[in-house]
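K.L.:
starting from these lines, generate the structure:
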Amino acid sequence: MSFPADVESFTSTFQVNYQNGFLPANPPASAFKDSTYSIWLFLAKNIPFLLWTHPGEFRKQVDELPLLAFNAAHDENDLPQWRLAYSALSYIAHAYIWGARAGCGLHENPNDYENPIEVLPPNLAIPLRQVSDFLGIEPGLTFSSVVLWNWKRKLPLGPGVKDRASNLEVIFSFTGTQEEEDFIITSLMVENAGGVALRLALDASAAAGKKDSQSLEKILQQLRPAIDVARGEMARLKAASSSEVIRLRFKPYVVGFNNSHNGVFYPSSTRYSSRGQWLKLSGFCTGESSIFQALDILLGGQDLGRLQFAQTMRAAMPNAHVEFLDALAALPSIQSYVTSLGETNKPLQTVYNEVIISLKYLRDAHFDIIGSFDISPTTRAPAVNSKFARPFADRYPFKSESKKRVGFTATEPRIIAPLGQ
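P.N.:
Below is the predicted model of the structure:
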């Protein structure tokens, strides 16, 4: 396959932003156009308050939700609305299943809080399945709902206001803590830095397709430091992920529904309680980020020992992003072009090898963080204090044949590339 003439149109076909990778071209929606769905926002934004300040109140309010069908338009203009609905409902679903006990403190009486359960109410399960089917994604918490579609600017861009990590905040949170917000925003910074590297890697593939060794060498010289910037953000993420709050209070809520024999039951009827489906879902994992697989595919630096894991992670990615990864494999190969020149172009060969080494370091750092997220959801958390219980104020088809599911089974300031307009 030759390289697309219009790379921005090519990437946007798969809901990928040429400037910032898998992050949306504009900030995610943080409010619904139709106030009918405001109750979903209220519950999702007040999870910490309702879970621990008023034990039992969260599940009670979810049980009393009206059954709503989400009626946003089926087009790209309303895509942010679908993503907002998905993020809100997936947060509510995980808080409902795991309950307050999953994140209660070591010095608290767990009997004061409700236990995890295995059945969602139909008034939550049905709309969650509807919006996730539209987006082509698992009907539970994923990297997309926690990171990619879960942020907003505190202040709009303008004179004196730049995109810094300090100007971003999350929309939804399980703990209402600064530690959780730092972890998510730092994950966002990794995605943003990776998006810059992805743009350069696409440009490099275009140069390889034209057999333009001079342009390719110049692009690769820019690509290596871009990957190193992403690795620097990854180091900050490692530090953020080691927080006790993240390890013991946040992680129990973002794990998947695959730890029990059946998983979680998603009813499909309000009249007949036995109608529905048991699902085992992946849950949130930093391995679900598409940016690392995209760089591997374009640059030819795949680690064969980790390919099976990468395929497994695709089960929790949006269909559009999975199809983008498939499409990348058909683009002109940078590795094949550099190899074909052999010793006749040593400078190009050298800079390419340096890029691959930088990519390996980035990938290793990424897998280090993935490993640190592998904990049991029953791990008890540290005692709650006042700040932990504080809530924050406040064109894609349903299915994709190419998606292979493997089982439903902070240093400031940091200036980043503009996250949309």
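
K.L.:
and the next helix or strand past the lowest-mean-pLDDT helix or strand in the chain?
P.N.:
When each helix and strand of the chain is scored by mean pLDDT, DSSP states H and E, helix 307-313 comes last, with a mean of 81. The helix or strand immediately downstream of helix 307-313 is helix 319-328, counting by DSSP states H and E.

K.L.:
neighbouring contacts of the helix or strand just after that following helix?
P.N.:
Counting by DSSP H and E, the element after helix 319-328 in chain order, helix or strand, is helix 334-341. The contact list for helix 334-341 (C-beta atoms under 8 Å, 6 or more residues apart in numbering) reads 201, 204-205, 208, 211, 213, 216, 298-301, 345, 348-349, 352. (Each C-beta comes from the backbone N, C-alpha and C, glycine too.)

K.L.:
which among those count as buried?
P.N.:
201, 204-205, 208, 213, 216, 298-301, 345, 348-349, 352 (16 or more other C-beta atoms under 10 Å).

K.L.:
using JSON lines, lay out those residues together with distance to residue 181.
P.N.:
Converted to JSON lines, the buried ones among the contacts of helix 334-341 look like this (distance: C-beta to C-beta, whole Å):
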{"residue": "201", "distance to residue 181": "30"}
{"residue": "204", "distance to residue 181": "35"}
{"residue": "205", "distance to residue 181": "36"}
{"residue": "208", "distance to residue 181": "40"}
{"residue": "213", "distance to residue 181": "45"}
{"residue": "216", "distance to residue 181": "40"}
{"residue": "298", "distance to residue 181": "32"}
{"residue": "299", "distance to residue 181": "32"}
{"residue": "300", "distance to residue 181": "37"}
{"residue": "301", "distance to residue 181": "32"}
{"residue": "345", "distance to residue 181": "47"}
{"residue": "348", "distance to residue 181": "43"}
{"residue": "349", "distance to residue 181": "44"}
{"residue": "352", "distance to residue 181": "38"}
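
K.L.:
pretty sure residue 98 is touching residue 115, no?
P.N.:
No: if you go by C-beta atoms under 8 Å, residue 98 and residue 115 don't touch, sitting 9.1 Å apart.

K.L.:
of the two, who's got more company?
P.N.:
residue 98 (23 against 11; other C-beta atoms under 10 Å).

K.L.:
how far away is the nearest residue to residue 242 once chain neighbours are set aside from residue 27?
P.N.:
Counting by C-beta to C-beta, 6 or more residues apart in numbering, residue 242 lies nearest to residue 372, which is 7.2 Å off, once chain neighbours are set aside. Distance, residue 372 to residue 27, using C-beta to C-beta, to the nearest Å: 29 Å.

K.L.:
where does the protein dip in pLDDT?
P.N.:
Residues of the chain that meet the criterion pLDDT under 70 lie in 1, 103-113, 158-163, 259-261, 301-305, 373-421.

K.L.:
which stretches in it count as strands?
P.N.:
Per DSSP state E, the chain carries strands over the ranges 151-153, 168-170, 264-267, 276-279.

K.L.:
give me the buried positions along the second one.
P.N.:
When you say that, I think you mean strand 168-170. In strand 168-170, counting by 16+ other C-beta under 10 Å, buried: 168, 169, 170.

K.L.:
middle-most residue in this protein, spatially?
P.N.:
Centroid-nearest residue in the chain: residue 143, 2.4 Å away (criterion: C-alpha atoms, centre = their mean).

K.L.:
contacts only, for that residue.
P.N.:
284, 285, 286, 288, 289, 316, 317.

K.L.:
now for the spatially closest residue to the first one that is not a sequence neighbour: which residues touch it?
P.N.:
Take residue 284 and drop its neighbours on the chain: the residue closest to it by C-beta to C-beta, 6+ apart is residue 254, 3.8 Å away. Contact criterion C-beta under 8 Å, 6+ apart gives 94, 141, 146, 174, 283, 284 as the residues in contact with residue 254.
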